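S.K.: heads up, no residue letters with this:
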């Protein structure tokens with residue numbers, strides 16, 4: 001069983017930055033998992049933000065965050081990060097970390113088997 005714990009959320013002004021972390025449970029080799037970040041705003045569906053593929057570390061981003069967010073991983077620390085710059089009020093949401101061995105679609109949340117509890121990000125205008 002893979003356990004994921006997010007941290008780093010908070011309140012920030014528009015234009016500011018936050019760095020989210022997702023720590024995987026001991027014994028989970030995140031280099032063998034595709035890791036994703038998703039977000040869900042009140043009244044909206046959960047949406048894809050970014051993913052880093054297990055093989056080669058290729059990264060993918062939603063168009064809405066491309067150029068502003070960066071996903072990365074530290075295999076030695078079993079941790080995945082989401083660096084968020086130039087934040088906008090529309091980035092306000094609960095952000096979730098997810099993991100899957102071989103997801104059918106990296107941007108499709110049902111493809112992921114394991115989820116963290118989420119961390120709130122609020123961007124004020």
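M.R.: Great, that's in hand. Keep in mind that what you see is a predicted model, and the values were worked out from it rather than measured. Numbering: from 1, shown residues only.

S.K.: Can you verify residue 110 is assigned to a helix?
M.R.: Yes: with DSSP: H, G, I helix; E, B strand; the rest coil as the criterion, residue 110 is part of a helix.

S.K.: tell me the centre residue of the protein?
M.R.: Centroid-nearest residue in the chain, with Cα atoms, centre = their mean: residue 37, separated by 2.2 Å.

S.K.: what's the helix or strand for the nearest residue to that one once chain neighbours are set aside?
M.R.: Closest residue in space to residue 37, ignoring its immediate chain neighbours: residue 49 at 4.3 Å, by Cβ to Cβ, 6 or more residues apart in numbering. C-beta: built from backbone N, CA, C; applies to glycine. Taking DSSP states H and E as the definition, residue 49 sits inside strand 47-52.

S.K.: What strands line up against the helix or strand the residue nearest to the centre of the chain falls within, and which way round?
M.R.: Assigned by DSSP H and E, residue 37 belongs to strand 34-40. With DSSP bridges as the test, strand 34-40 is paired with strand 47-52 (antiparallel), strand 93-100 (antiparallel).

S.K.: packing partners for the helix or strand that the shortest one is followed by?
M.R.: It refers to strand 47-52. Where DSSP H and E defines the elements, the next helix or strand beyond strand 47-52 is strand 59-61. In terms of contacts (3 or more Cβ pairs under 8 Å, 6 or more residues apart in numbering; DSSP states H and E), strand 59-61 is packed against strand 47-52, strand 69-74.

S.K.: residues in contact with the residue nearest to residue 37?
M.R.: Neighbour list for residue 49: 36-39, 61-62, 65, 69, 82, 95 [criterion: Cβ atoms under 8 Å, 6 or more residues apart in numbering].

S.K.: nearest to residue 9, of those residues?
M.R.: residue 95 (6.4 Å; Cβ to Cβ).

S.K.: re the thing from before, could you work out the most separated pair of the contacts of residue 49?
M.R.: The span of the contacts of residue 49, defined through Cβ to Cβ, is set by 61 and 95 at 13.9 Å.
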